[in-house]
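Enquirer: Provided below for reference: sequence and predicted model.
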Amino acid sequence: MLRIQKMKYLCAETLIIVKAKLLQNNDIQITHQILSLLKAVLTQNYFTFQQRIYQPEQGISVGSPLSGLIAEIFLQHYKDANIKHHLDTKNIAFYARYVDDILIISDTTKIDSHTINDYINNIHSNIKLNPTDKEHDSIDSLDLKILQKHETLSGHTQETDHHRYKN
């Protein structure tokens, strides 16, 4: 399993992704109008903390209504551009993401897990993943326990205290 250690959503990169997607189905004028509105919202991005007003140096405030959308656009593009071909060739047997937690299960008879980790860590400077090794043939991912028995994987949900964050 790989989990994101640190991620800063770079709005400038996401705007480039959005522009390319918009141009696939819209004319240049509509694309420009939508991008202008999105840029205005992203540059007028402030948050308060302990009665002080801040503007993020890069990215978007976590509490912003757009932060989830911007993150989703960026991470979906990241997957399509960099992970999809490993899924198609079956080097990565399983890929799942929940917000910014990523679970990757690889076929170690085809590719070494450290090779995948090194590849992913060199794609983008703000995305760093680290492997979680199996302990007693199981891996915990969010509230799921994944068990390996011989050549078979199975998953079981775990009870969690919903008032606390899992590490």
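Expert: Alright, I've got the coordinates. Numbers count the residues shown, from 1 in each chain.
Enquirer: from Pro65, how far off is Ala12?
Expert: Between Ala12 and Pro65 the computed distance is 20 Å (CB to CB, to the nearest Å). Yep, even glycine has a C-beta here, placed from its N, CA and C like the rest.
Enquirer: I meant Thr132, not that one.
Expert: 32 Å.
Enquirer: would you map the strands across this protein?
Expert: 2-6, 47-49, 52-54, 92-98, 101-106, 128-131, 138-141, 144-149, 152-157 (DSSP state E).
Enquirer: partners of Ala96 in the sheet?
Expert: Beta-bridge partners for Ala96, by DSSP bridges, are Leu103.
Enquirer: for Tyr119, see how far away it is.
Expert: Ala96 is 18 Å from Tyr119, by CB to CB.
Enquirer: would you mind measuring from the residue nearest to Ile120 when sequence neighbours are not counted to Asn91?
Expert: Spatially, and ignoring its direct neighbours in sequence, Ile120 is nearest to Leu129 (5.2 Å; CB to CB, 6 or more residues apart in numbering). The gap separating Leu129 from Asn91 is 15 Å, by CB to CB.
Enquirer: mind checking pLDDT for Asp27?
Expert: At Asp27, the model reports a pLDDT of 94.
Enquirer: so how many other residues sit close to it?
Expert: A total of 9 residues lie near Asp27 under the criterion other CB atoms under 10 Å.
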